[in-house]
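*Asks:* Next comes the sequence, and after it the predicted model I'd like to discuss.
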Amino acid sequence: MGTTYKPYIHRNMINMNVKLPSDVDFYRKMKVVLNEPIYPYDQAAAIIKLVDPSIQVSPLLMDRLGYIERSALLMQKSYASLNDAIRALWLADDEISVEKVQAYPNNWFRFKAYNLELQHDLVAIDSTRYLTAKGLGRIGVTKPDIDRFLQEIMSFIEDDVFFTWKSLLDSGFESDFMAKSQLSDFAYERLIFTIPSIRTIKTRGSVYVNQSHPTPKCPPLTDFFAQELGGRSRDIDDFLRELNHKFGLDVTRTRALEKLAKGQLAYSTETNHIYPDRLSMYEDTYQELGIDV
């Protein structure tokens with residue numbers, strides 16, 4: 001039954017009253033406009049309707065156009081799997097725009113893009129473009145080169161100590177990979193993000209930490225603040241100015257206060273200081289009043 005009715009089933013509904021277009025010109029046009037290896041079903045249906053609003057869209061028509069439905073996606077029948085189709089869609093050229101990758105609303109596409117980046121089949125070189133593995137090969141960079149570069153970083157950093165790309169370079173990190181690849185700072189930061197044990201705090205800039213005991217969640221920004229406070233209290237404006245300069249960030253006062261309200265650290269409006277804990281804040285705030293806390 002499944003094989004017999006499959007061309008008539010879409011989203012668990014059977015529609016046997018399906019007629020295929022007889023106009024040869026329609027199929028000629030469709031070869032031009034419907035030619036990607038994979039589509040979300042609704043997107044392909046919308047393309048068909050743009051060509052001819054009167055067309056009845058159905059799995060039978062998709063089959064006639066050379067596509068087969070897989071998990072609410074349409075794949076060209078020439079591909080063996082969805083993975084093969086997505087690789088053909090995104091990895092065929094030297095580079096691909098972020099806009100094209102994000103043009104597909106289905107979460108499956110976002111998940112696949114994320115995994116291709118983790119596997120270094122896609123490398124973000126700036127906020128608008130990815131280099132593909134093919135494009136990396138054009139500039140003489142291989143996946144083993146990237147793996148060695150990331151291992152050099154891992155050998156240089158300390159576990160459970162927050163860092164940024166700027167602080168890493170300022171600490172003396174060097175690699176032949178940088179001279180060979182000539183990639184942007186943005187690209188090196190994205191490559192660090194792909195290290196499995198690295199957790200990334202996204203603020204105005206990226207802060208990394210290699211967790212000795214990796215957790216699924218990223219640590220809060222206040223953990224990074226605590227590292228830099230070192231158990232002392234600081235004027236918050238001076239603290240943020242030095243923090244941003246040292247790590248190449250742009251953490252605003254508003255953002256910092258928002259995070260401080262939720263964590264273990266404390267902030268006093270009376271002193272304009274950030275403290276490692278509330279007890280330290282109370283001691284400092286009431287000391288001048290001669291009140292023991």
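*Replies:* Ah, there it is.

*Asks:* what helix or strand is residue 169 on?
*Replies:* Assigned by DSSP states H and E, residue 169 belongs to helix 165-170.

*Asks:* same deal with residue 123?
*Replies:* Going by DSSP H and E, residue 123 is in strand 122-124.

*Asks:* Would you mind measuring from the nearest residue to residue 170 once chain neighbours are set aside to residue 66?
*Replies:* The shortest distance from residue 170 to any non-neighbouring residue, by Cβ to Cβ, 6 or more residues apart in numbering, is to residue 246 (7.7 Å). No exception for glycine: its C-beta is placed from N, CA and C like everyone else's. From residue 246 across to residue 66, the span is 57 Å (Cβ to Cβ, to the nearest Å).

*Asks:* List the residues that contact the residue nearest to residue 221 when sequence neighbours are not counted.
*Replies:* Among residues not flanking residue 221 along the chain, residue 259 sits closest, at 4.7 Å (Cβ to Cβ, 6+ apart). Residues counted as contacts of residue 259 (Cβ atoms under 8 Å, 6 or more residues apart in numbering) are 220, 221, 222, 225.

*Asks:* Quick check on the residues you listed: which are buried?
*Replies:* 221, 222, 225 (16 or more other Cβ atoms under 10 Å).

*Asks:* Nearest spatial neighbour of residue 175, chain-adjacent residues omitted?
*Replies:* Per Cβ to Cβ, 6+ apart, closest to residue 175 is residue 152, 5.2 Å.

*Asks:* Now do the same contact list for the one you found.
*Replies:* 173, 175, 177.

*Asks:* Would you confirm that it belongs to a helix?
*Replies:* Yes. Residue 152: assigned to a helix according to DSSP: H, G, I helix; E, B strand; the rest coil.

*Asks:* Tell me which of the buried ones among the contacts of residue 259 fall in helices.
*Replies:* Taking DSSP state H, the ones among these that sit in helices are 221, 222, 225.

*Asks:* returning to what we had before: let's see if you can find the most crowded of the contacts of residue 152.
*Replies:* Counting neighbours by other Cβ atoms under 10 Å, residue 177 leads the contacts of residue 152 with 18 neighbours.

*Asks:* Now do that residue, the pLDDT please.
*Replies:* Residue 177 is assigned 97 on the pLDDT scale.

*Asks:* which stretches of the stretch 1-150 of the chain have low pLDDT?
*Replies:* The stretch 1-150 of the chain contains residues with pLDDT under 70 at 1-18, 105.

*Asks:* For it, which segments are assigned as strands?
*Replies:* 9-10, 13-14, 38-40, 67-70, 73-76, 95-97, 122-124, 129-132 (DSSP state E, counting those that start in this stretch).
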